[in-house]
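S.K.: Just the structure for this:
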Amino acid sequence: MSAPPSGTAILLFLRVTLHVGFAVLLGVATLGLLAGGGGPGGSRYGWTAAAAVLAGVYLAGTLLEKRFAAGRSGFDPRRYAVLWLGIVTVLWVVLLAGSADFSWLAFPLFFLHLHVLPRPVALVTIALLTAAVIASQWAASGQAAPHVAMVLGPVVGAAFSVVTGLAYRALYRDAENQRRVADELRRTRADLAKTQHDAGVLAERERLAREIHDTLAQGLSSILLVARAAEKSLRDGDTPAAGDRLALVQQTAAENLAEARHFVRGLASPQLQESSLVEALRRLCSETEALAAARGPGLQCRLQVEDVPAELPQPYTVTLLRAAQASLANVREHAHAGTAVVTLAFLGNEVTLDIFDDGVGFDPAEKQPAQDGRTGSRPDARPEGRPDGRGFGLRSLRERVGMLGGSLDLESAPGEGTVVAVRLPLDAAQDGSEEPA
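M.R.: The predicted model follows:
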């Protein structure tokens with residue numbers, strides 16, 4: 001069973017029928033005028049010219065309106081619709097005086113008056129057009145009084161045209177409302193798509209910023225510090241130490257290259273692809289000791305695991321590893337610590353990661369950024385970090401932890417070391433409600 005035609009299709013059919021009917025009736029009346037001798041005065045060419053002018057004016061108006069409705073023209077002919085209708089009506093009256101055959105053009109004109117003019121005005125003009133048709137028919141008949149059919153026919157035709165025209169106007173208004181609603185819906189969809197696109201772009205920027213800070217930035221910082229230590233060893237003539245440090249530079253660069261290739265593809269850290277979180281943290285502690293030793297002062301870093309390790313989703317393992325990487329990088333670079341302890345604990349419905357160091361510490365409540373440069377340094381630090389691009393770590397880490405419903409606490413005091421504590425609930429992870437990072 002086929003679907004019913006839409007209001008727009010019905011309107012199009014009615015408009016085409018109206019224009020075709022007007023053209024056919026005008027052509028038939030013109031041929032009748034010519035066959036009858038050319039109208040009053042016998043000037044067939046003059047009346048034919050008047051009919052041609054009427055056809056040209058009518059066609060010009062309809063074509064301009066169609067081009068504007070289709071969006072192919074910036075000229076809006078609707079402001080001149082009343083003037084155009086007046087010219088068409090006057091030309092019709094002139095032709096009606098030449099031949100009663102043009103009376104039939106009154107019916108399409110009724111629809112035009114109802115469409116263009118306000119309803120009260122249109123009803124008056126239709127009554128006048130009907131009277132003109134009756135007068136033309138009466139004059140052509142040569143009778144002393146008009147016949148009943150001469151009056152009844154035009155009146156019934158006018159009444160039918162009014163009813164049909166009003167229905168057309170109602171359908172036209174409904175189609176216009178549907179068009180406006182459809183346009184608004186398209187605009188809303190376009191705005192929604194743009195908003196979603198912008199949100200996706202911002203989310204991807206945040207993801208890349210976190211990954212770059214937690215991997216490449218930390219790795220490049222380590223490479224720079226170890227390279228300076230190697231340069232110092234060369235100046236001091238300690239070639240074996242310089243070679244060891246350059247080898248460490250190569251190893252760190254290779255690891256960061258692998259990180260870059262993987263996070264661009266949105267994959268997990270390569271440190272977690274072939275090993276567990278515990279193994280990755282243990283390896284990180286060894287790398288931290290090696291990097292710290294390359295700079296001179298020794299740093300002992302050890303891992304403690306409490307309770308039986310549980311299998312965690314990828315977002316959890318990545319977040320915990322990044323937290324350890326960022327915290328230990330700050331310990332190496334700023335804490336001047338002798339010992340760092342990473343504690344991973346599985347406490348039933350949550351997993352915790354604590355990173356402690358016995359370094360110089362700092363005051364988290366300071367209004368200025370901490371002098372030791374620790375990751376963002378304080379809860380009220382500017383979210384964009386310092387002008388040199390540093391200080392992004394704490395905000396990045398809080399965002400990672402917050403997306404998993406966890407918490408991050410920072411405890412420190414001058415001369416008493418620092419503790420970074422991460423808590424992640426396991427209930428959501430066990431329910432499978434968390435999406436992969």
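S.K.: where exactly do the helices run in the stretch 101-250 of the chain?
M.R.: Secondary structure of the stretch 101-250 of the chain (DSSP state H, counting those that start in this stretch): helices located at 106-116, 119-141, 148-211, 218-235, 239-264.
S.K.: no no, the stretch 251-400 of the chain
M.R.: 277-295, 314-330, 393-403.
S.K.: Adding mean neighbour count, write those helices out as CSV.
M.R.: Any C-beta I mention is one placed from the backbone N, CA and C, and that applies to glycine too. Listed next are the helices of the stretch 251-400 of the chain as CSV, based on neighbours: other CB atoms under 10 Å:
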stretch, mean neighbour count
helix 277-295, 19
helix 314-330, 24
helix 393-403, 20
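S.K.: show me what contacts His115?
M.R.: By CB atoms under 8 Å, 6 or more residues apart in numbering, the contact set of His115 is Gly165, Tyr168, Arg169, Tyr172.
S.K.: my read: Pro309 touches Glu279, true?
M.R.: No: the pair Pro309 / Glu279 is not scored as a contact, 10.1 Å apart, by CB atoms under 8 Å.
S.K.: picking up where we left off before, could you point out which of the helices of the stretch 251-400 of the chain sits nearest Ala55?
M.R.: helix 393-403 (71.6 Å; CB to CB).
S.K.: In the chain, which residue is most central in space?
M.R.: Nearest to the mean C-alpha position of the chain, by CA atoms, centre = their mean, lies Lys194 at 1.4 Å.
S.K.: For that one, give its distance to Leu424.
M.R.: 34 Å (CB to CB, to the nearest Å).
S.K.: which one of the helices of the stretch 101-250 of the chain has the most crowded surroundings?
M.R.: helix 106-116 (a mean of 21; mean count of other CB atoms under 10 Å).
S.K.: Could you measure from the closest residue to Glu306 other than its chain neighbours over to Val422?
M.R.: Spatial nearest neighbour of Glu306, excluding adjacent residues (CB to CB, 6 or more residues apart in numbering): Ala345 at 3.9 Å. As for Ala345, its distance to Val422 is 11 Å (criterion: CB to CB).
S.K.: So which of those two has more stuff around it?
M.R.: More neighbours surround Val422 than the other of Ala345 and Val422, with 25 against 15 (other CB atoms under 10 Å).
S.K.: sorry, back to before: show me which pair in the contacts of His115 is furthest apart.
M.R.: Within these, two members stand farthest from each other by CB to CB: Gly165 and Tyr172, at 10.0 Å.
S.K.: Give me the distance from stretch 321-335 to the chain's centre.
M.R.: Taking CA atoms, centre = their mean, to the nearest Å, one finds stretch 321-335 lying 39 Å from the centre of the chain it belongs to.
S.K.: for the record, mean pLDDT for it?
M.R.: When pLDDT is averaged along stretch 321-335, the result is 86.
S.K.: same check, this time on stretch 240-260
M.R.: 79.
S.K.: same check, this time on stretch 294-307
M.R.: Here stretch 294-307 scores 84 as its mean pLDDT.
S.K.: Could you list the residues in contact with it?
M.R.: 225-226, 229-230, 244-245, 248, 278, 281-282, 285-286, 288-289, 292-293, 328, 331-332, 336-347.
S.K.: From the chain's centre, how far out is it? Work that out for me.
M.R.: The chain centroid and the centroid of stretch 294-307 are separated by 49 Å, computed with CA atoms, centre = their mean.
S.K.: Report the buried residues of it.
M.R.: By 16 or more other CB atoms under 10 Å, the buried positions in stretch 294-307 come out as Ala294, Arg295, Leu299, Cys301, Leu303.
S.K.: gap between the two ends of that stretch?
M.R.: From its first residue to its last, stretch 294-307 covers 34 Å (CA to CA, to the nearest Å).
S.K.: now swap in stretch 406-419 and tell me
M.R.: End to end - CA to CA - stretch 406-419 spans 17 Å.
S.K.: hmm, what's the outermost residue in the protein?
M.R.: Note on the chain: the largest C-alpha distance from the chain mean falls to Ala144, namely 75.2 Å (CA atoms, centre = their mean).
S.K.: From what I see, Gly165 and Leu114 are in contact.
M.R.: Yes: using CB under 8 Å, Gly165 is in contact with Leu114, at 3.4 Å.
S.K.: so what's in contact with the two at the same time?
M.R.: With CB under 8 Å, 6+ apart, Gly165 and Leu114 have common neighbours Ala122.
S.K.: Run through the stretch 301-437 of the chain and note the low-pLDDT ranges.
M.R.: 366-393, 428-437 (pLDDT under 70).
S.K.: at 90 instead, please
M.R.: Residues of the stretch 301-437 of the chain meeting the criterion pLDDT under 90: 307-319, 321-323, 325-338, 346-349, 359, 361-405, 412-417, 426-437.
S.K.: As a check, name the ranges of all strands in it.
M.R.: Secondary structure of the stretch 301-437 of the chain (DSSP state E, counting those that start in this stretch): strands at 339-346, 350-357, 407-412, 418-425.
S.K.: The third one vs helix 314-330, what angle?
M.R.: By that I understand strand 407-412. Interaxial angle, strand 407-412 versus helix 314-330 (axes from the mean of the first three to the mean of the last three CA atoms, to 10 degrees): 10 degrees.
S.K.: which outside residues touch strand 407-412?
M.R.: The contact list for strand 407-412 (CB under 8 Å, 6+ apart) reads 323, 361-364, 374, 378-379, 394, 397-398, 401, 418-423.
S.K.: which residues of the stretch 51-200 of the chain score low on pLDDT?
M.R.: 51-52, 54-55, 58-82, 84-85, 92-120, 122-123, 125-127, 129-200.
S.K.: thinking again about what came up before, could the strands of the stretch 301-437 of the chain go into TSV alongside distance to Leu216?
M.R.: Putting the strands of the stretch 301-437 of the chain into TSV (distance: least, CB to CB, whole Å) gives the following:
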stretch	distance to Leu216
strand 339-346	22
strand 350-357	21
strand 407-412	22
strand 418-425	21
